[in-house]
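> Structure for this input, please:
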Amino acid sequence: MGERDPNIVTSGLSGSVTRDGITVAVNIFRLEDQPGWTLEVVNAKGTSTVWDDPFNTDDDAYAAFLQAVSDEGIATFLDQATVIPFRR
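The predicted structure is shown next:
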């Protein structure tokens, strides 16, 4: 029998956040056998923004989310880029 995949530990700080009429899902998680926490923000269209570096604590990850909202506004997580579809 092979090794099992590690469980994902989800922080209690994860959840929906609404500011200025915009709602995003804040996901803070880590693998059970890893110390670093990952921060992901998902908008209503399913676009995910993930921080590159892990955080020491889930509190640090949530603080980074709040700082991004304070510095750039929650609209920074909206789909604002022009998407050019590939020809089929």
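
> Which positions within the lowest-mean-pLDDT helix or strand in the chain qualify as buried?
Ranking every helix and strand in the chain by mean pLDDT, DSSP states H and E puts strand 48-50 at the bottom, with a mean of 94. Buried positions in strand 48-50, judged by neighbour count with 16 or more other CB atoms under 10 Å: none. Placement of C-beta: from N, CA and C, glycine included.

> Can you list the strands that it pairs with?
Strands that pair with strand 48-50, judged by DSSP bridges, come out as strand 38-42 (antiparallel).

> Just the mean pLDDT for the partner strand, thanks.
Strand 38-42 shows a mean pLDDT of 97.

> Mind telling me what element Ala25 is part of?
strand 22-31 (DSSP states H and E).

> Mind giving me the packing neighbours of that strand?
Packing partners of strand 22-31 (3 or more CB pairs under 8 Å, 6 or more residues apart in numbering; DSSP states H and E): strand 8-10, strand 15-19, strand 38-42, helix 58-72.

> For it, output the C-alpha coordinates as PDB.
This file holds the C-alpha atoms of strand 22-31, laid out as PDB (Å, rounded to 0.1, in the frame of the first residue of the first chain):
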ATOM      1  CA  ILE A  22     -17.600  42.800  -3.300                       C
ATOM      2  CA  THR A  23     -17.400  39.400  -1.800                       C
ATOM      3  CA  VAL A  24     -14.400  37.100  -1.900                       C
ATOM      4  CA  ALA A  25     -13.600  33.800  -0.300                       C
ATOM      5  CA  VAL A  26     -10.500  33.900   1.900                       C
ATOM      6  CA  ASN A  27      -8.900  30.500   2.200                       C
ATOM      7  CA  ILE A  28      -6.000  29.900   4.600                       C
ATOM      8  CA  PHE A  29      -4.700  26.400   4.800                       C
ATOM      9  CA  ARG A  30      -1.700  24.200   5.200                       C
ATOM     10  CA  LEU A  31      -0.800  20.500   4.800                       C
END
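
> what pairs with it, and is each one parallel or antiparallel?
Using DSSP bridges, the strands paired with strand 22-31 are strand 8-10 (antiparallel), strand 15-19 (antiparallel), strand 38-42 (antiparallel).

> For it, which residues meet the burial criterion?
Of the residues in strand 22-31, those buried (16+ other CB under 10 Å) are Ile22, Val24, Ala25, Val26, Asn27, Ile28, Arg30.

> Noted, bye for now.
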